[in-house]
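Student: Just to be clear, the model below is a prediction. Sequence and coordinates:
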Amino acid sequence: MAFDLIREIPDVSLAAEFDGEPLVQSFLVPMTRGRVGRVWITTAEAFTVPAFGRPWVSAQLVSLHASLGTRAFNRALVAGVRLRADVPAGLALAA
């Protein structure tokens, strides 16, 4: 499974959309039926990930999809998925 990730320009005025975090690395994820999902991680956490970038984010999404299934995964993406540097994506949502 491959994801077409579109990196968003950081914008501190969007902090309310990211649990109050002013500096995040966020990506839009085009979905079926014209929907768009979002995945994000704080910039501070992203700095701790060796080789952070689209391949890492995509791998996290593949793991999340495998653990949630398609419907729950799509709902999560539409709502916005927060990634954590030290926790696999599937486990982060379970917490």
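Tutor: Arrived safely. Numbers count the residues shown, from 1 in each chain.
Student: Leaving out the residues flanking it, which one is nearest to the spatially most central residue of the chain?
Tutor: Geometric centre of the chain, nearest residue: Val39, 2.1 Å, by C-alpha atoms, centre = their mean. Spatial nearest neighbour of Val39, chain neighbours left out: Val81 (4.5 Å); criterion: C-beta to C-beta, 6 or more residues apart in numbering. (C-beta placed from N, C-alpha, C; glycine too.)
Student: What's the separation between that neighbour and Arg38?
Tutor: Here the criterion is C-beta to C-beta, to the nearest Å. By it, Val81 lies 7 Å from Arg38.
Student: same check, this time on Ala46
Tutor: 15 Å.
Student: coming back round to it: the residue nearest to the centre of the chain - that's part of a helix, no?
Tutor: No - if the criterion is DSSP: H, G, I helix; E, B strand; the rest coil, then Val39 is strand and not within a helix.
Student: Show the pLDDT at it.
Tutor: What the model reports for Val39 is a pLDDT of 97.
Student: Check Pro88 too.
Tutor: Looking at Pro88, its pLDDT stands at 57.
Student: What separation is there between Phe47 and Val24?
Tutor: Per C-beta to C-beta, Phe47 is found 12 Å from Val24.
Student: for the chain, which helix is longest?
Tutor: helix 54-68 (DSSP state H).
Student: continuing past it, what's the next helix or strand?
Tutor: Following helix 54-68 in sequence order, the next helix or strand is helix 70-79 (DSSP states H and E).
Student: Next, the angle helix 54-68 makes with that following helix.
Tutor: If you take axes from the mean of the first three to the mean of the last three C-alpha atoms, to 10 degrees, helix 70-79 sits at 130 degrees to helix 54-68.
Student: which SS state does the residue located most distally from the centre of the chain fall under?
Tutor: Within the chain, the residue lying farthest from the chain centre (C-alpha atoms, centre = their mean) is Arg33, at 19.6 Å. Following three-state DSSP, we place Arg33 in the helix state.
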